[in-house]
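> 3D model of this:
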Amino acid sequence: MKNFRRSPPTIPPTHARPFAWACSAWVDGGRANAERRAHLLFSVECRRCLVPPIPKEYLGNCLGPCFVEVGLGELLVGDGVLAAASTIGVSVRALDDGVLAGTGGWFHKILSLVLERLMSVGGSLQYGVYETDFGLGRPIKVELVSIDKTPGTVSLAEGRDKLAGIEIGVVLPEADMACFSSCFADRLEQLL
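Below you'll find the model as predicted:
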């Protein structure tokens with residue numbers, strides 16, 4: 001009989017954000033009541049959503065925030081990842097009604113949510129960070145260092161080898177990181 005080695009579970013790229021959010025909520029779940037609201041913030045590409053659309057040749061940024069909110073208790077139940085994904089989907093689809101709606105209040109809304117333990121997402125699975133070569137070869141490891149000053153922030157990047165999946169970086173205090181890691185490992189095991 002040959003030795004059999006099971007490959008580690010992988011998270012589909014579309015599930016990375018909800019998966020990380022549900023695990024982040026688990027960290028908060030031990031300290032807060034489940035009636036509290038959980039908040040997520042990430043950037044969305046606005047070029048195609050504007051009328052008229054910005055041409056493909058445009059080289060600048062055209063990003064806007066996507067605010068997502070759900071009851072913390074919904075993320076703590078067994079299928080919290082599904083609740084997170086569903087809520088994110090609703091918020092993204094709502095951007096079709098006007099991606100620039102409320103632009104005057106974005107900054108103040110972000111500041112008000114910081115007190116609520118907002119989870120924000122930096123990076124993207126579409127940046128191609130490991131394909132970048134400034135003449136020294138492809139990077140071996142890429143870290144989004146700007147998240148270091150914002151506990152609760154998660155960075156996402158595609159893996160160096162596209163078949164290796166995705167990389168998720170998290171900034172939390174040490175005790176919270178242990179809780180996050182445990183939740184992450186448990187939920188990954190459930191995917192098997």
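
> Strands of the chain, residue ranges please.
Ranges of strands in the chain, per DSSP state E, are 37-45, 63-71, 119-123, 154-158, 166-170.

> so can I have a markdown table of those showing mean neighbour count and distance to residue 138?
Where you see a C-beta, it was placed from the backbone N, CA and C, and this is true even at glycine. Rendered in a markdown table, the data for the strands of the chain read as follows (neighbours: other C-beta atoms under 10 Å; distance: least, C-beta to C-beta, whole Å):
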| stretch | mean neighbour count | distance to residue 138 |
| --- | --- | --- |
| strand 37-45 | 19 | 25 |
| strand 63-71 | 17 | 26 |
| strand 119-123 | 21 | 17 |
| strand 154-158 | 23 | 12 |
| strand 166-170 | 19 | 14 |
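
> which ones are touching the residue nearest to residue 66 when sequence neighbours are not counted?
Closest residue to residue 66 apart from its sequence neighbours, by C-beta to C-beta, 6 or more residues apart in numbering: residue 44 at 4.7 Å. Counting by C-beta atoms under 8 Å, 6 or more residues apart in numbering, residue 44 makes contact with 63, 64, 65, 66, 92, 95, 99.

> Kindly state the beta-bridge partners for the second one.
Read it as residue 64. residue 44 (DSSP bridges).

> ok, it touching residue 41?
No. Between residue 64 and residue 41 there is no contact under C-beta atoms under 8 Å: 11.0 Å.

> just to revisit the earlier point, and the two most separated of the contacts of residue 44?
Taking every pair in these and measuring C-beta to C-beta, the maximum separation is 13.7 Å, between 63 and 92.

> Report the mean confidence score over stretch 180-192.
In this model, stretch 180-192 carries a mean pLDDT of 79.

> Tell me the buried residues in it?
Of the residues in stretch 180-192, 180, 183, 184, 187 count as buried by neighbour count, 16 or more other C-beta atoms under 10 Å.

> and the angle from the lengthiest helix in the chain to strand 154-158?
Looking only at the chain and at elements set by DSSP state H, the helix with the highest residue count is helix 174-191. Counting by axes from the mean of the first three to the mean of the last three C-alpha atoms, to 10 degrees, helix 174-191 points 50 degrees away from the direction of strand 154-158.

> any weak-confidence spans in this structure?
Per-residue confidence for the chain (pLDDT under 70) gives these ranges: 1-15, 29-34, 151, 162-164, 191-192.

> Now distance to residue 140 too, for the buried residues of stretch 180-192, in CSV please.
Formatted as CSV, the buried residues of stretch 180-192 follow (distance: C-beta to C-beta, whole Å):
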residue, distance to residue 140
180, 25
183, 28
184, 23
187, 28
